[in-house]
Each structure stands twice: as structure tokens, then as C-alpha cells.
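1. My questions concern the predicted model and sequence given below.
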Amino acid sequence: MMDSKRNGFCFLFLSLFIFSLPVSAQMSVEDVCKKISRKLASVSYKECDIGFELSGAESVQGTPIIIKEYPPLPPRKPQSRVLLIGGIHGDEYSSVSVVYKWLRKLEKYHSGLFHWKVIPLLNPDGLLRRKSQRMNGNGVDLNRNFPTQDWHHLSQHYWVKRTYKNPRRYPGKDPLSEPETRWLYDLIEEFKPDVIIAVHAPYGVLDFDGPPRAPKRLGQLYLNLLGAYPGSLGNFAGIEREIPVITIELKHAGIMPSRKEISHIWGDMIRWLKRNTPRKVEKPEQQLVTPAAVQAGPS
């Protein structure tokens, strides 16, 4: 009887201890993959179970951000470093799913030509909640939270005067106030990408910030410069740091492009990377792509 009571007490103590641990201590890569595959019908668990690693970063609510690296393959020296990001906004389902489809190609064809770091889902709290939302767990639009010049004045003015305090575009109280943006900022500092590719939806265009020359189209997405916004990744990295930022705006947030279109976007993107990265020094007569005036827009 005493042994039974003792065992029962130990089990209760162990259960209370486990459930008192931070969420991150309980979640593995496999746990994150299961959550993503349950949320997105277009992403199977098998597609996620390809050797992702925990980045060391967590969302506001403690979900790990996972990352996949395709490193240099000696003796070949990679032409350039590429950072690919999906799921900055949690309600843009296709932006996550398409990155997983492209990972299939990297799994099969990675040759070492480029050094890749891939983040399929930067904003797990936005996606994995019952009703997905654009913002993160603190209600902050991550694509308005990067430390661009005069952020405190411009971002608040833009949010109040241009979006009329639209909660979907709330920039936060301070730049890099969110764990997700702080981690991505540090990753950019460490990795020093030659180009950043950010996948969004649902405006069906191709946006570009920074040098050199922008791609005219990727697949059926044609170049349409959307402008620069206070706190956006394109403004922070592309305009102020001169790291080319390609923003792919898929046509639908909840509907996947066709397999053919997914493949065409990828193929055009690889061709552009081969020809334009790392960035060449522009000749005086060449004109760099510059941002349009700050205006209301999607990303």
C-alpha cells in the first residue's frame, strides 16, 4: 500500500514538474512539424521531417523557430549566401507552404552553388493559433518591427495617420521589441546574406528593395514596386543596408499556386541569383532600383 501511494505521489510530482516547464523545453523539431502539418493541409509531416534544427529562438508563446541550412559543399566555394523566409505573417498560409515545396528541390538538387538558410515559419504564434492572424503573439506586425531610421517617429505616424491604427499593422512599442524580429536581426548580422527572399501573399506581384537590378518577373509574378514602409524588412535590409530583398507576393493566401507555377518561380529565382549575386559594383551610368515614396501597401 505504501509503495502504491509513494508511486502515485511520484507520478503526480513528475506530472506537475513537466507541465510547469516552459513550453520550449517540451517542444522539439518533431513537435513543431506536427503542429504545422496539422494546420496546413498542403504540408505533410514528412515534408517537415527533413533535418530541421532548433534555431535557439522562440516565439512570444514559446514555440521554437526552426531552420534548415544547406551549407557549402567543399571543395566548391558557394557563389553567394541566400536567406529564404516564409510565414512572417501568420495568416498567409501559402507563404509557408511554398517554402516547403522549394525545400524539396533543395533536398534533391543542392549542389553547393549557394549557401542557404531557410526559415519556413518566422511567426508560429500567428499561424498555429485556432484562427490564424497576421500579427505575432503580442499583436505586433513583425514586418513593421525592424529598426529603420527614425523608427519611433515614422512608424507611429504611419500607423496612426496612414492605417488609422489598424491592429493588423501595429508596429510595436519599440523596434525589435519582439523575439522573432530580434532573432532574425541577429541572424542577418551573423550570416551576412547576399540576398534575402521573403515570401508573402496575397497581392500577386513581385516587390524589390535595394541594389542591384530587380528581377522583372518570377513565374507569373511581375515586378511592381510597392514602396518602403517604416520598420519593414525591405526598408531595413534592402534600402538601409543594401542587401537585396526580393519580396514574393503570391496571388492567394489560402490557395497554393499550381505545381508548374511553383516550379517556374523557383527556376526564375535561381537564374536571377546566378546572374546578380553577389552584388556587382554598379557603373556610374547604371541606375539602382530605389524605393517609391512611402505609401499604404500589403507587405
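-> Nice, thanks for sending it over.
2. Let me see the ranges of the strands in the stretch 101-250 of the chain.
-> 114-119, 195-200, 205-209, 217-218, 221-222, 245-249 (DSSP state E, counting those that start in this stretch).
3. Now for the residue lying closest to Lys192 once chain neighbours are set aside: which residues touch it?
-> Excluding its sequence neighbours, the residue lying closest to Lys192 (C-beta to C-beta, 6 or more residues apart in numbering) is Arg81, at 6.5 Å. For glycine as for every other residue, the C-beta is placed from the backbone atoms N, C-alpha and C. When contacts are counted by C-beta atoms under 8 Å, 6 or more residues apart in numbering, Arg81 touches 114-117, 191-195.
4. Can you say which of those residues are buried?
-> 114-117, 193-195 (16 or more other C-beta atoms under 10 Å).
5. Save the contacts of Arg81 as JSON lines, and put in distance to Trp183 too.
-> JSON lines is the format used below for the contacts of Arg81 (distance: C-beta to C-beta, whole Å):
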{"residue": "Phe114", "distance to Trp183": "22"}
{"residue": "His115", "distance to Trp183": "19"}
{"residue": "Trp116", "distance to Trp183": "18"}
{"residue": "Lys117", "distance to Trp183": "12"}
{"residue": "Phe191", "distance to Trp183": "12"}
{"residue": "Lys192", "distance to Trp183": "16"}
{"residue": "Pro193", "distance to Trp183": "15"}
{"residue": "Asp194", "distance to Trp183": "20"}
{"residue": "Val195", "distance to Trp183": "19"}
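6. closest to Met256 among the residues you listed?
-> Nearest to Met256 among the contacts of Arg81 is Trp116, at 21.7 Å by C-beta to C-beta.
7. Would you mind measuring from that closest one to Tyr170?
-> 32 Å (C-beta to C-beta, to the nearest Å).
8. So which residues of the stretch 51-200 of the chain form helices?
-> 93-109, 124-128, 151-157, 179-191 (DSSP state H, counting those that start in this stretch).
9. For the longest one, buried residues please.
-> Going by neighbour count (16+ other C-beta under 10 Å), the buried part of helix 93-109 is 93-103, 106.
10. Wait, Tyr93 touches His200, no?
-> No. If you go by C-beta atoms under 8 Å, Tyr93 and His200 don't touch, sitting 11.4 Å apart.
11. Quick one: low-confidence residue ranges for the stretch 101-250 of the chain.
-> Within the stretch 101-250 of the chain, not a single segment meets pLDDT under 70.
12. can you rerun that using 90?
-> Scanning the stretch 101-250 of the chain for pLDDT under 90 picks out 212, 227-228.
13. Which strand residues bridge the spatially most central residue of the chain?
-> For the chain, Ile85 is the residue whose C-alpha lies nearest the centre (C-alpha atoms, centre = their mean; 3.0 Å). Each beta-bridge partner of Ile85 is listed here, defined by DSSP bridges: Ile119, Ala198.
14. if I look at it, how far off is Val98?
-> Distance from Ile85 to Val98, by C-beta to C-beta: 12 Å.
15. what's the overlap in contacts for the two?
-> Val199.
16. Excluding sequence neighbours, find me the nearest residue to Gly86.
-> For Gly86, the spatially nearest residue (C-beta to C-beta, 6+ apart) is Val99, at 3.7 Å.
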